[in-house]
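J.: Need coordinates for the below:
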Amino acid sequence: MISKANSSKVSFFHLLQGISPLTFENYMELALYHPDYGYYARGNVPGKEGDYITAPCINKAFGATLALQVLEVYEILGKSKDFAIVEMGAGAGYLAYDMLSYLKSKGFDFPYYIVEPFLPLKAIQEERLSDFKDKILWIDSLEKLPLFEGVFVANELFDALPVHLVEKREGDLWEIWVEFTEEEVREFLGELSETEVLSRVYPYFSAWQEGYRTEICTKAWDIYEKLSQKLQRGLMLILDYGYPRGDLYHPQRSRGTLLCYYRQRVVENPYFKPGHIDITAHVDFTYLRELGERFGFINLGFTGQGSYLVSLGIDRVFQEITNGSQREKEALKMLLLPEGLGQTHWVLAQGRFYGKNPASKMKGFAFSNRIRLLYS
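T.: This next block holds a predicted model:
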C-alpha cells in the first residue's frame, strides 16, 4: 500500500493508475525518468544531502585519477585535435569538476560534453561547474553529440537503467507486471514482454529454485548503438557495481540485486514514494562486453575499482592534490578497500582504435586485468 500524502505524488500515482497494468521495467522507467515526476527530473543527485553516495562525492582524487586515463588515451590517439571528453550520468557534476581541475593544472584544456536531459540537474551542474563554463557543452541526448575522438565516461550510469523483473514459477519464466489501484500496488506474473529476456538467462535457468527472482536490462543497447555512431576513436570507460553474468545469475542469488535508496537508507519496497526514491540493479558486465563487440569496440580491460585506481596512480595524485588529512585518508580507503567501493565496483574499458589494440598500454589494468571473466 502506498500512502498518497502530497499532491505531486497523488498526480504521479493517478498517472500510474491510468496506464497500469505495466511491466516492472515500464514502471521503473517512469519512476526514474518521467519528465515531470521522475526521480531524476526532480533534480535528485548523489551526495551527503542526497539519497546515496558515489565515488566522486567521496574524494576529489577519484576524478583527478580518471583524468590520468584521459591523458593516456590522448597520447594513444596521437594528441588528436578532435579530442573531447563526454560524460553521461553526470549527477551533481563532481566528477567533471575534479577531472577538469586536474587537467587544467597540467595545462590541458579539452572540450567536455555532458549528456543531460533534465533541466533541474543541468542547473545544479552549471552552478558547480561555473569555473569551466566556457569548456562545457550540455546536450540533452546522445543523438545531438557531434562526432568526436576521446573518452566517454559512464560512472554509475548503467545501474540506473530500467530492468525487467522476472521470476521462476512451475518450471517457467514469468515477468513481473504491476497494477496500481486506489487501494494498493499489486504485482502479478505475466508473459515476457521481450524475447531477449529469456535468451539472456536461459543457460542458468535450470539451476534456479522455485521462486527465483532476478533482473535483466536491455536498455544498454540504445546507448551503445548511438555512441558507436559518434565515437570515432577512443575509449569507453565504465565504472559501476555489478557482476559477470555467471555470478549475477548464480543459483544462490535468488532474490536478485534490485535496491532502492531514500535519504541514505536502503529501502526494500520499490513502490515506496514512486518518483522520490532511487531504484537500481547491478550491471551484467558480460552484456556490456557483448554489446561492445556488437558495435565495434575492443574489450581492453576489466578489473576491480580499487586495483584500477591504484594501478593508474591514485596514491601519487592523492599526495599531489590533497593535504593528506586523516579525514581524506579515510575517504581514500572507501574508494580502494574491499569494505568500501574497491571490490564492489568494477571498471570496464572498451576502445575503438582502428588497427591498434592498446591493451598493453592501459596502465590502469597493469596490476590486474580480469577480462576473461566476461568470456566464461
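J.: in the stretch 51-200 of the chain, which segments are predicted with low confidence?
T.: Along the stretch 51-200 of the chain, segments meeting pLDDT under 70 span 51-52.
J.: For it, which segments count as helices?
T.: Counting by DSSP state H, counting those that start in this stretch, one finds helices in the stretch 51-200 of the chain at the ranges 55-58, 61-76, 94-105, 119-128, 195-205.
J.: mind giving me TSV with the ones you listed and columns for mean neighbour count?
T.: C-betas here are computed from N, CA, C, even on glycine. Compiled in TSV, the helices of the stretch 51-200 of the chain are given as follows (neighbours: other Cβ atoms under 10 Å):
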stretch	mean neighbour count
helix 55-58	22
helix 61-76	22
helix 94-105	22
helix 119-128	16
helix 195-205	15
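J.: Out of those helices, flag the one nearest Val178.
T.: Val178 lies closest to helix 195-205 among the helices of the stretch 51-200 of the chain, at 16.0 Å (Cβ to Cβ).
J.: Mind naming the longest strand for this structure?
T.: If you go by DSSP state E, the chain has its longest strand at strand 231-243.
J.: Distance from the chain centre to that one, please.
T.: 10 Å (Cα atoms, centre = their mean, to the nearest Å).
J.: What residues sit buried inside the next helix or strand after that strand?
T.: Next helix or strand after strand 231-243 toward the C-terminus (DSSP states H and E): helix 245-248. Residues 245, 248 are the ones in helix 245-248 that count as buried (16 or more other Cβ atoms under 10 Å).
J.: send the alpha carbons of the very next helix or strand once past helix 245-248 over as PDB?
T.: Note on helix 245-248: by DSSP H and E, the next helix or strand toward the C-terminus is strand 259-262. Taking Å, rounded to 0.1, in the frame of the first residue of the first chain, the C-alpha atoms of strand 259-262 are listed here in PDB:
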ATOM      1  CA  LEU A 259      17.900  -1.900  -4.500                       C
ATOM      2  CA  CYS A 260      16.200   1.300  -3.600                       C
ATOM      3  CA  TYR A 261      17.700   4.300  -1.800                       C
ATOM      4  CA  TYR A 262      16.000   7.000   0.200                       C
END
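J.: Sheet partners, orientation included, of the helix or strand just after strand 259-262?
T.: Going down the chain from strand 259-262, the next helix or strand is strand 265-267, by DSSP H and E. Strand 265-267 sits in its sheet next to strand 259-262 (antiparallel), going by DSSP bridges.
J.: average pLDDT across the strand it pairs with?
T.: Mean per-residue pLDDT for strand 259-262: 92.
J.: where's that strand relative to the chain centroid, distance-wise?
T.: The answer for strand 259-262 is 15 Å, by Cα atoms, centre = their mean.
J.: For it, which outside residues touch it?
T.: Here strand 259-262 makes contact (Cβ atoms under 8 Å, 6 or more residues apart in numbering) with 51-52, 266-270, 272-273, 276-281.
J.: Among these, which are located in strands?
T.: The strands, defined by DSSP E, take in 266-267, 278-280 from the contacts of strand 259-262.
J.: from those residues, which is closest to Pro120?
T.: When the ones in strands among the contacts of strand 259-262 are compared against Pro120 (criterion: Cβ to Cβ), the nearest one is Asp278, at 15.1 Å.
J.: And that closest one, how far from Pro338?
T.: Asp278 is 24 Å from Pro338, where distance means Cβ to Cβ, to the nearest Å.
J.: likewise Ile136?
T.: Distance from Ile136 to Pro338, by Cβ to Cβ: 35 Å.
J.: The two - which one has more neighbours?
T.: Legend: neighbour count by other Cβ atoms under 10 Å for Ile136 and Pro338, higher for Ile136 (22 against 10).
J.: can you tell me which residues contact the residue most central in space within the chain?
T.: Residue closest to the average C-alpha location in the chain (Cα atoms, centre = their mean): Leu157, at 2.0 Å. Contacts for Leu157 (Cβ under 8 Å, 6+ apart) come out as 88-89, 223, 238, 240.
J.: give me every residue that touches Leu66.
T.: 95, 99, 153, 237, 312.
J.: Spatially, which residue comes closest to the last one, not counting chain neighbours?
T.: What sits nearest to Leu312 in space, not counting adjacent residues and going by Cβ to Cβ, 6 or more residues apart in numbering, is Gly364, at 4.2 Å.
J.: would the one you found count as being in a helix?
T.: Yes: under DSSP: H, G, I helix; E, B strand; the rest coil, Gly364 sits within a helix.
J.: could you pull out the helices for the stretch 251-376 of the chain?
T.: For the stretch 251-376 of the chain, the helices defined by DSSP H, counting those that start in this stretch cover 285-294, 305-312, 314-321, 326-336.
J.: one step back: please convert the ones in strands among the contacts of strand 259-262 to JSON lines, extending it with pLDDT and neighbour count.
T.: Converted to JSON lines, the ones in strands among the contacts of strand 259-262 look like this (pLDDT from 0 to 100; neighbours: other Cβ atoms under 10 Å):
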{"residue": "Val266", "pLDDT": "88", "neighbour count": "9"}
{"residue": "Val267", "pLDDT": "89", "neighbour count": "17"}
{"residue": "Asp278", "pLDDT": "93", "neighbour count": "20"}
{"residue": "Ile279", "pLDDT": "96", "neighbour count": "24"}
{"residue": "Thr280", "pLDDT": "96", "neighbour count": "24"}
